[in-house]
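K.L.:
give me coordinates for this.
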Amino acid sequence: MTYDVIVVGAGPAGSTAAKNLAEKGIKVLLLDKATFPRDKPCGGGLPTRVQKRFPYIEPFLNSVSYGTTMFSSSLRYKCDLIREKPFLEMVLRTDFDHGLLSLAQKAGATFLGGKSVVDVVVQKDKVSVMLEDGQTMETQMVIGSDGMHSVVAEKTNLSKKLEVLCISLMQEQPMTPKQLTTFFTKKRMIYLFIKAHGIAGYAWVFPKKNSVNIGIGEFQSAVSKERPKIPLKETYEKFIATLQEKKLLPADFPIENLKGATLPIFPLENTCGDRVLLCGDAAGFINPITGEGIYYAMVSGQIAADVIAEGLSSHDLSYRFLSRYQTLWDNDFGKDLKALGRFNNQWGKDSERIVRLMMRDKKFARLIIGVTGGQISFRKYRTPLILRYVYLSIKNLFRKKEK
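P.N.:
You can find the predicted model right below:
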């Protein structure tokens, strides 16, 4: 079988790339080792800029939250931010991913589920993609959007040993609309716990339409080597108990159907080669502060489709031509990811003071949450954020002296 482009991995990155390619009249095949619909371990919280850039996702949104309460590690301090406009949009990955895949198919992409790719061989004039069942397909171009353990990246020598990871544990538990309103109000407030129970990361509680997603994630790069290693499941259980004690969850809330996930934190140095591009998790496109990746997955898929369409039109799919993909994603979101990455190790440091300042100054709180959550550009708002922090620190210093 011959296709212009084969996309390996039908998550948000792959489906977005396939949709955009098919809309340009390009013959594209989308492969995934899973059959759809399928679930994916994920918190399911989307920054509102996802819908702003891709308005067609609106039918796949599950619910909307209009605010957050952020707790410090000691729980002594908490910061409330409530908005009239959406703060975070929620999805169920089963429905969201299936919806994006359906759009790609409607645009003309062919989908084959339950097909594991075992090898990718790049030749001068084509790429051969071998499947687990022995079938071989040929294409002019391949896109690897098959997650952090990407077969495409490995077989084309674009992968590297991942030493900086985020390890998370979560569950999606049904709740009635009445329960959700009781515990999260009609605003569907989300709860964020910075360094919950001392982890180098955070925990979240995301209310949805008929369920709640609760999870905890730890950034391995920020974990103190002196700190005793505690299984994440043990910390998760303590976290649930804390939520129940604080009456933020029902007393009989069960711990069940736990799912784990591991995420890359920093982009690969090189995300393309002759006749190959990497998108989404496969390229390491993850917010290094929150672990959110759907926005970057979809944007990288969109950019990849545009570059490949140009390459096909000009009959040039060499690394030299495709390297413009690297430039485009770097200018679009890469510089922000790299800038945020410099603060990844802050998860291992004391955060009480930051939350206390956020509690006292809503402008500072909006800036912190906006840049770390990917709602606004860190590069654009870095100076106002630093100036606000300095101002509040000096103000706090004079307050102490007056006392």
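
K.L.:
C-alpha from now on. contacts and neighbour counts both.
P.N.:
Noted.

K.L.:
so where is the stretch 1-150 of the chain shaky, pLDDT-wise?
P.N.:
Filtered on pLDDT under 70, the stretch 1-150 of the chain yields the residue ranges 1.

K.L.:
run through the helices of it in chain order.
P.N.:
12-23, 49-53, 93-107 (DSSP state H, counting those that start in this stretch).

K.L.:
count the neighbours of the nearest residue to Lys335 once chain neighbours are set aside for me.
P.N.:
Distances taken as C-alpha to C-alpha, 6 or more residues apart in numbering place Arg379 nearest to Lys335, at 7.7 Å, with adjacent residues excluded. Other residues lying near Arg379 total 13 when counted by other C-alpha atoms under 10 Å.

K.L.:
next one: phi and psi at Arg379?
P.N.:
phi -60, psi -40 (degrees, to the nearest 10).

K.L.:
shouldn't Met298 be in contact with Ala10?
P.N.:
No. The pair Met298 / Ala10 is not scored as a contact, 11.3 Å apart, by C-alpha atoms under 8 Å.

K.L.:
neighbour count for the two, which is higher?
P.N.:
Per other C-alpha under 10 Å, whichever of Met298 and Ala10 has more neighbours is Ala10, with 30 against 23.

K.L.:
find the nearest non-adjacent residue to that one, please.
P.N.:
Using C-alpha to C-alpha, 6+ apart, the closest residue to Ala10 is Asp32 (5.6 Å).

K.L.:
repeat for Glu84
P.N.:
Take Glu84 and drop its neighbours on the chain: the residue closest to it by C-alpha to C-alpha, 6+ apart is Tyr66, 6.5 Å away.

K.L.:
and for Thr136?
P.N.:
Met130 (4.5 Å).

K.L.:
residues near the residue nearest to Glu84, how many?
P.N.:
The burial count for Tyr66: 19, using other C-alpha under 10 Å.

K.L.:
and it, backbone torsions?
P.N.:
Torsion angles, degrees, to the nearest 10, at Tyr66: phi -110, psi 20.

K.L.:
thinking again about what came up before, wait, the residue nearest to Ala10 sits on Thr110?
P.N.:
No. Asp32 is beyond contact range of Thr110, at 11.4 Å (criterion: C-alpha under 8 Å).

K.L.:
separation between Pro355 and Ser15?
P.N.:
Rather than Pro, residue 355 is Val. 38 Å (C-alpha to C-alpha, to the nearest Å).

K.L.:
neighbour count: those two, which is higher?
P.N.:
A direct count of neighbours by other C-alpha under 10 Å for Val355 and Ser15 places Ser15 higher, at 32 against 23.

K.L.:
is it true that that one touches Lys106?
P.N.:
No. With contacts counted by C-alpha under 8 Å, Ser15 stays clear of Lys106, the gap being 11.2 Å.

K.L.:
what separates the spatially closest residue to Gly273 that is not a sequence neighbour from Asn270, distance-wise?
P.N.:
Counting by C-alpha to C-alpha, 6+ apart, Gly273 lies nearest to Tyr319, which is 4.6 Å off, once chain neighbours are set aside. According to C-alpha to C-alpha, Tyr319 and Asn270 sit 10 Å apart.

K.L.:
for this protein, which residue is closest to the average position?
P.N.:
Gly293 (1.9 Å; C-alpha atoms, centre = their mean).

K.L.:
nearest spatial neighbour of it, skipping sequence neighbours?
P.N.:
Ile286 (4.6 Å).

K.L.:
list the contacts for that neighbour?
P.N.:
Counting by C-alpha atoms under 8 Å, 6 or more residues apart in numbering, Ile286 makes contact with 263-267, 280, 292-293, 296, 337.

K.L.:
measure it to Tyr296 for me?
P.N.:
7 Å.

K.L.:
before we move on, what about Phe364?
P.N.:
Distance from Phe364 to Tyr296, by C-alpha to C-alpha: 25 Å.

K.L.:
before we move on, what about Ala104?
P.N.:
From Ala104 to Tyr296 the distance is 18 Å (C-alpha to C-alpha).

K.L.:
point out where the stretch 201-350 of the chain drops to low pLDDT.
P.N.:
For the stretch 201-350 of the chain, the ranges with pLDDT under 70 are 348.

K.L.:
the helices in it, which residues?
P.N.:
Under DSSP H, counting those that start in this stretch, the stretch 201-350 of the chain gives helices at 232-245, 294-313, 319-329, 335-341.
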